[in-house]
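Visitor: mind folding the following:
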Amino acid sequence: MKTKDVLMSVITAGVLMFASVSVQAAPGERGSVHAVADASARDVAAWLGQPARAGALVDALAEHPERGLPLTAVLAESDPGGNSLASRMLSERDDLVRQYKGLPAADRGLLQVRSFVPAGQTLASVAPADLWVAVLPKGNDRTWTSLVAYDRHGRQHLLDAQVAPTFPVLIVDIDTGQAVQEGMALINAGLQARGLQSADRLTVAADGATSLDVTRLDRIRLANDGEPWALGGAEVFAVVSGLQTGEAEPEMATVSLPYLDHDKTDYTPGQPLVIWGNFRFDTANVQLFEDDGDTNYKDLLIALTEGVKLGLGAFAPEYAVIAEIGGAILKAMPSGWFTNDTDYLDSFYLLQRGKTYTGRMGAANNAQVTLSPLTLQ
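Guide: Numbering: from 1, shown residues only. All right, here's what the predicted structure looks like:
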């Protein structure tokens, strides 16, 4: 092995060992997804100094420029058995990210690297060794002014958070699409276990045939998703809420909207949004949120169960309570969830079963939807 390659290997191993210590949370403290991503961004930047690994990374990203690449896949090229120190450290970091986001352990890692390429350019416009690797800042993304990027020597460079760079950049962050999918499953299971989400209630006809009424999301458009250039596509989910049919309890469910990537764009998913039969007075609310990476889904489940019930207190199951449930959901959210951790996008109150809504604006005037009734048989 050449002396230069040996030196780079030592440098990379040292960066990994340092980062593995820095991302650990102290006892009793909540860990930071940002700290893990920052340490990983420094390591990816160091990898760019290794021609074989850098070339494989850039080639893989160039094949799917609109998608991120799991960091585990990057290392698998040079360490298919996952036995190297770098692979073990990365596995530990992915476990930390899952812990910080309240998600169960799984083989699939959430740390990823993706590319930002200005219009009219390609990732090949910059030599792999000269690429910078950025990490998303902490705090409210609407007030970001700059973000840090690392070069292969570990030096920091500042990029404007609101004005996109004129050259390609790599970004290390969290696969929020996968996290939202897993988080919705976790929350819905938790709501069911706590008696706040009922099983689908089928309508049975005289001839024994069954059917299920839903409200379908035919079209949706966001005026502003609050996403700076570095964040990429939005990861939106909905909380559907109302009153249970047989109990004086809230009825809630979460739904992922994985296609809703950008604002000022019409999407026509034809997706079932509200499943009826479980909502008293055939009326429900729909509220839209976005995960920017730091959402802890166990905390979100607690907010939707304990927080909402505490906010409502004792109540009679009357029509007016339905809108109050939507308000209680917003009040139960920790204040940080309206900054960068989970953005609140909009609310649609008192949607009714069997009714068509064309171009309905949300309460915050940020989302516009077209909804139609549909009977599934």
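Visitor: low pLDDT regions in the stretch 51-200 of the chain?
Guide: For the stretch 51-200 of the chain, the stretches with pLDDT under 70 are 140.
Visitor: and residue 346, helix, strand or coil?
Guide: strand (DSSP: H, G, I helix; E, B strand; the rest coil).
Visitor: next up, the contacts around the residue lying closest to it once chain neighbours are set aside.
Guide: Leaving aside its chain neighbours, residue 346 sits nearest to residue 362 (3.3 Å; criterion: Cβ to Cβ, 6 or more residues apart in numbering). Any C-beta I mention is one placed from the backbone N, CA and C, and that applies to glycine too. Shown in contact with residue 362 (Cβ atoms under 8 Å, 6 or more residues apart in numbering): 288, 345, 346, 347, 348, 368, 369.
Visitor: measure the second one to residue 288 for me?
Guide: To residue 288, residue 345 is 4 Å away according to Cβ to Cβ, to the nearest Å.
Visitor: mind listing the shared neighbours of those two?
Guide: Contacts common to residue 345 and residue 288, judged by Cβ under 8 Å, 6+ apart, are 236, 362, 367.
Visitor: just those residues: which are in strands?
Guide: 236, 367 (DSSP state E).
Visitor: I'd like the shared contacts of residue 345 and residue 288 as a markdown table, with distance to residue 59 and pLDDT appended.
Guide: As requested, the shared contacts of residue 345 and residue 288 are exported to a markdown table (distance: Cβ to Cβ, whole Å; pLDDT from 0 to 100):
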| residue | distance to residue 59 | pLDDT |
| --- | --- | --- |
| 236 | 31 | 92 |
| 362 | 43 | 97 |
| 367 | 38 | 96 |
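Visitor: with the shared contacts of residue 345 and residue 288 in mind, which one is nearest to residue 41?
Guide: residue 236 (25.2 Å; Cβ to Cβ).
Visitor: do I have it right that the closest one meets residue 260?
Guide: Yes. Proximity of residue 236 to residue 260 meets the contact threshold set by Cβ atoms under 8 Å, at 4.4 Å.
Visitor: and for those two, which residues touch both?
Guide: Joint contacts of residue 236 and residue 260 (Cβ under 8 Å, 6+ apart) are residue 222.
Visitor: which residues in the protein form helices?
Guide: 3-22, 33-47, 51-63, 71-76, 85-100, 176-193, 297-302, 308-312, 321-332 (DSSP state H).
Visitor: mean neighbour count, those helices: which tops it?
Guide: helix 33-47 (a mean of 24; mean count of other Cβ atoms under 10 Å).
Visitor: orientation of that helix relative to helix 176-193 in degrees?
Guide: Calculated by axes from the mean of the first three to the mean of the last three Cα atoms, to 10 degrees, helix 33-47 forms an angle of 150 degrees with helix 176-193.
Visitor: which helices and strands sit right next to helix 33-47?
Guide: When contacts are defined as 3 or more Cβ pairs under 8 Å, 6 or more residues apart in numbering; DSSP states H and E, helix 33-47 sits against helix 3-22, helix 51-63, helix 71-76, helix 85-100, strand 111-116, strand 133-135, strand 146-150, strand 169-174.
Visitor: domains of the protein: list them as residue ranges, please.
Guide: Structural domains annotated on the chain: 3-174, 177-376, as defined by automatic domain parsing.
Visitor: ranges for the strands of the stretch 151-300 of the chain?
Guide: Ranges of strands in the stretch 151-300 of the chain, per DSSP state E, counting those that start in this stretch, are 156-160, 169-174, 203-204, 210-222, 236-243, 250-257, 271-275, 283-291.
Visitor: what about the most centrally placed residue in the chain, distance to residue 292?
Guide: Against the mean C-alpha coordinate of the chain, by Cα atoms, centre = their mean, the closest residue is residue 176 at 3.2 Å. Distance from residue 176 to residue 292, counting by Cβ to Cβ: 7 Å.
Visitor: equivalent analysis for residue 271, please.
Guide: Going from residue 271 to residue 292 by Cβ to Cβ gives 22 Å.
Visitor: between those two, tell me which one has more neighbours.
Guide: Between residue 271 and residue 292, counting by other Cβ atoms under 10 Å, residue 292 is the more crowded of the two (23 against 18).
Visitor: the more buried one and residue 162, how far apart?
Guide: In terms of Cβ to Cβ, residue 292 sits 16 Å off from residue 162.
Visitor: now the helices and strands packed on helix 33-47 as JSON lines including distance to residue 248?
Guide: Below are those laid out as JSON lines (distance: least, Cβ to Cβ, whole Å):
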{"stretch": "helix 3-22", "distance to residue 248": "49"}
{"stretch": "helix 51-63", "distance to residue 248": "53"}
{"stretch": "helix 71-76", "distance to residue 248": "48"}
{"stretch": "helix 85-100", "distance to residue 248": "36"}
{"stretch": "strand 111-116", "distance to residue 248": "44"}
{"stretch": "strand 133-135", "distance to residue 248": "47"}
{"stretch": "strand 146-150", "distance to residue 248": "48"}
{"stretch": "strand 169-174", "distance to residue 248": "39"}
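Visitor: kind regards, and thank you for your time.
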